[in-house]
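In: Got a predicted structure here, sequence first:
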Amino acid sequence: MNTDLSNYRKSYEKHELLLKDTPENPMELFQKWFLEVDKFFPEDETNAMTISTIGLDKFPKNRVVLLKKYTYEGFIFYTNYNSEKGKAILNNPNVCLSFFWHGAERQIIIKGKAKKIAANLSDGYFESRPRGSQLGAIISNQSEIISSREELEKRLAALEKEFEGKEIPRPEFWGGFIVEPVEFEFWQGRPNRLHDRIRYSINNEYDWLKDRLSP
């Protein structure tokens, strides 16, 4: 197989990102971009983000997860703590998040440190999930080898019967992580590959420093 993609090109021409127009706190720019994408580019799944971890095998791995909450403190998502992703984070909390919104020709890359959120916060979110999602979190030994799709469906049917008419408790192995950022990079596509890149990095006094990067 020899597939040449060298003629795949797109000109980015929708927006600009100038250092003088950026706020002092990167979370404010994140929220501005997030809300704009959510409003004007509904075809994008705005809260879909790629999280990169360093696995127990020492290799980096990326996968897409859903952002469920963001605050000035960081970015919260939920997962199985016993999954490959969960084990990687608990072993090495240094992670990277990225959002790519092709409609707006924008990307945000966020370096940070991940840690478990409080159990009561995970309880609250778990209670808000549809019952099917709650049951799915319990029956799936995420990242483990499974013999067939039918095995999952049998587990689901058995669990539906077990919890019929009952509340479903959050399993201890499932919950949230918060990624506390230490660096942001905002990327805005521009013509001729002269893209705008603004980096925020945090110093020892927890102030955000801004730089413009060469594309």
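Out: Everything's here; your move. Small disclaimer: the values here were computed from a predicted structure and weren't measured.

In: Longest strand in this structure, please.
Out: Across the chain, the longest stretch assigned as strand under DSSP state E is strand 174-188.

In: Buried ones in it, by neighbour count?
Out: When burial is assessed from 16 or more other C-beta atoms under 10 Å, strand 174-188 yields the following buried residues: 174-179, 181, 183-188. In this view, the C-beta of every residue, glycine as well, is placed from N, C-alpha and C.

In: Quick check: the gap between the residue nearest the centre of the chain and Gln107.
Out: Nearest residue to the geometric centre of the chain (C-alpha atoms, centre = their mean): Met49, 3.5 Å. Distance of Met49 to Gln107, computed by C-beta to C-beta, to the nearest Å: 11 Å.

In: go on, Asn82?
Out: Asn82 sits 31 Å away from Gln107, going by C-beta to C-beta.

In: re earlier: Three-state assignment for the residue nearest to the centre of the chain, please.
Out: Here Met49 is strand, with the state taken from DSSP: H, G, I helix; E, B strand; the rest coil.

In: For Arg63, see how far away it is.
Out: From Met49 to Arg63 the distance is 10 Å (C-beta to C-beta).

In: And Cys96, which helix or strand is it part of?
Out: Using DSSP states H and E, Cys96 falls within strand 94-101.
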